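Asker: just need the structure, nothing else, for what follows:
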Amino acid sequence: MRLVPRGRGLRDPNMRDRLYELLEHDPLAYSIGSRFIQIVIGVIVLNVVAMVLASVPELDAQFGVIFSSVSIFCVIVFALEYLARLWTVAGHTPRKGSALADRLGYLISALGIIDLMAFLPAAVVLVTGRHATLAALGVLPFFKLVRYSPAMRSLLAAVHAERRALIGCIVILTGAVLTFASLLYAIERDVQPDKLGTIPQAMWWAIVTLGTVGYGDVVPVTALGKIISVFTIISGFAMIALPVAIISTAFAEEVKRRDFVVTWGMLARVPLFSHLGAAEIADIMRLLRARTVEQGEILVRRGDAASSMYFITAGEVEIALPSQHVRLADGTFFGEIALLHKTKRTGTVTATRKTRLLVLDAQDFHALIARMPTLAAHVHRTAKARLEETGGDLAPAELAQAEREGSDR
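Answerer: Numbering: from 1, shown residues only. Predicted structure coming up:
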């Protein structure tokens, strides 16, 4: 038996990996990592709310000490999180570099800069005592939600993917602003020299008009100027629709791509599909749909019509049979017996904790086992073994009735 010196745990190389998993890994909502992420999100919300309320003089006069305490607490939390990420990122990047290179990569990355800006400016302002500036900087931690929000990250990825097209839209918009501003300047400069006497003044009018905002502070008074305004407004609709269409299409594609990756990862956890090739897995993915059930939620009830087969990718369920309870965890599947024998459910299935599933509908199930003999053989063997292990618990009367109904057809 080897003794470990006191304090050795602080230098445990696995400690960094465990902390990295805590910061980055989130397999399910009941995990420790997810609870930590929920705490960080709560601190972000608390910080932003406190800074917004601190900008109200009446509230600041009454609760100023509380707002300052919240700010100090949030700065400490964000600073500790930043240092923890900086320490744990070494060895957890795709590139094969040194620990220093990994940490420098995090420092200059977009997420690293966001993490730094979440606390550093506020910390400087707290030291200098400029409270008004602190309130203005209080919204910076909001951008940390980019790390924890798949939707925000997908949107940013969509904008990045279509950056060339969006830059093209900006170029077109700039050309339209210059064109309409120059036209209105030439027409209205002598009529309204105080408002449209220069092209930069006319550009303000063009930007407001193309954006269909219409502040009304600068309007043409000549007939020709009003005609130019009509064409400017019509062009503004196209200027707005073009980038919106580009971003919305790219965002939809990014969401589909993310769902594809997530489903692929879930399939990889199911041993039943481990021997299949990429083409076969892609074929199966089109048939499966993801579903998440909460702890204590009943998935199917005994006596229900069998409409689906379920694959557990993360979590655990309990099948309540007449004389025993069976628990199934990650990588297992259930519901195949009722589908194979075309009978009703023989047990009630309840999630013992939050569980992620892949659902295969009955029609797709029969089509799948018909064209994949190896897969069908494995499902049949599993079903037969379960019938033998549970004895009379899987409602032989119902199975016999299903067989009689099948022979009558």
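
Asker: hmm, what's the outermost residue in the chain?
Answerer: Asp190 (55.4 Å; C-alpha atoms, centre = their mean).

Asker: three-state assignment of it?
Answerer: Put simply, Asp190 is coil when judged by DSSP: H, G, I helix; E, B strand; the rest coil.

Asker: for it, grab phi and psi.
Answerer: phi -80, psi -20 (degrees, to the nearest 10).

Asker: ok, now how distant is it from Val56?
Answerer: Separation of Asp190 from Val56 (C-beta to C-beta, to the nearest Å) stands at 48 Å. Every C-beta, even on glycine, is put in place using the N, C-alpha and C of the backbone.

Asker: again with Val244
Answerer: 35 Å.

Asker: can you get me a residue count around Ala223?
Answerer: Other residues near Ala223 number 9, with proximity taken as other C-beta atoms under 10 Å.

Asker: let's see the pLDDT reported for it.
Answerer: Turning to Ala223, the model gives it a pLDDT of 93.

Asker: relative to Ile234, how far out is it?
Answerer: 17 Å.

Asker: likewise Pro141?
Answerer: Taken as C-beta to C-beta, the span from Pro141 to Ile234 is 42 Å.

Asker: so for those two, which residue has more residues nearby?
Answerer: It is Pro141, of Pro141 and Ile234, that has more neighbours when counted by other C-beta under 10 Å, with 26 against 10.

Asker: now do the SS call for that one.
Answerer: helix.

Asker: tell me the contacts of it?
Answerer: 43-44, 47-48, 74, 78, 118-119 (C-beta atoms under 8 Å, 6 or more residues apart in numbering).

Asker: for it, which non-adjacent residue is spatially closest?
Answerer: Using C-beta to C-beta, 6 or more residues apart in numbering and skipping the chain neighbours, the partner closest in space to Pro141 is Ala118 (4.3 Å).

Asker: wait, the one you found touches Arg147, no?
Answerer: No. Using C-beta atoms under 8 Å, Ala118 is not in contact with Arg147, being 10.1 Å away.

Asker: between those two, which has more neighbouring residues?
Answerer: Counted by other C-beta under 10 Å, Ala118 and Arg147 do not tie: Ala118 has more neighbours, with 25 against 18.

Asker: domains in this structure, as residue ranges please.
Answerer: Per the record, the chain has its domains at 10-148, 163-258, 278-408, by automatic domain parsing.

Asker: you'd agree Pro302 is in a helix?
Answerer: Just to correct that, residue 302 is Arg rather than Pro. No. Counting by three-state DSSP, Arg302 falls outside a helix, being coil.

Asker: count of neighbours near it?
Answerer: Arg302 is flanked by 16 other residues according to other C-beta under 10 Å.

Asker: that one: what's it in contact with?
Answerer: With C-beta under 8 Å, 6+ apart, Arg302 has these contacts: 320, 344-348.

Asker: would you turn those into JSON lines with neighbour count, pLDDT and distance to Tyr310?
Answerer: JSON lines is the format used below for those (neighbours: other C-beta atoms under 10 Å; pLDDT from 0 to 100; distance: C-beta to C-beta, whole Å):
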{"residue": "Ala320", "neighbour count": "15", "pLDDT": "87", "distance to Tyr310": "15"}
{"residue": "Lys344", "neighbour count": "18", "pLDDT": "78", "distance to Tyr310": "16"}
{"residue": "Arg345", "neighbour count": "22", "pLDDT": "80", "distance to Tyr310": "11"}
{"residue": "Thr346", "neighbour count": "24", "pLDDT": "77", "distance to Tyr310": "14"}
{"residue": "Gly347", "neighbour count": "25", "pLDDT": "83", "distance to Tyr310": "12"}
{"residue": "Thr348", "neighbour count": "17", "pLDDT": "89", "distance to Tyr310": "13"}
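
Asker: hmm, which two among the residues you listed are most spread apart?
Answerer: Farthest pair in these (C-beta to C-beta) is Ala320 and Lys344. Separation: 14.9 Å.

Asker: out of the domains of the chain, which gets nearest to Leu155?
Answerer: Set against Leu155 and scored by C-beta to C-beta, the domains of the chain come closest in domain 163-258, at 5.7 Å.

Asker: show me how far the closest one is from its chain's centre.
Answerer: The chain centre lies 34 Å from the centre of domain 163-258; the measure is C-alpha atoms, centre = their mean, to the nearest Å.

Asker: cool, stretch 281-289 as well?
Answerer: 21 Å.

Asker: what residues of it count as buried?
Answerer: Along stretch 281-289, these residues count as buried under the neighbour rule (16 or more other C-beta atoms under 10 Å): 284-285, 288.

Asker: same deal with stretch 350-365?
Answerer: Neighbour-count burial for stretch 350-365 [16+ other C-beta under 10 Å]: 350-351, 353-360, 362, 364-365.

Asker: will you turn the residues you listed into CSV that also has distance to Leu184?
Answerer: Converted to CSV, the buried residues of stretch 350-365 look like this (distance: C-beta to C-beta, whole Å):
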residue, distance to Leu184
Thr350, 70
Ala351, 65
Arg353, 66
Lys354, 61
Thr355, 63
Arg356, 59
Leu357, 62
Leu358, 60
Val359, 60
Leu360, 63
Ala362, 67
Asp364, 62
Phe365, 67
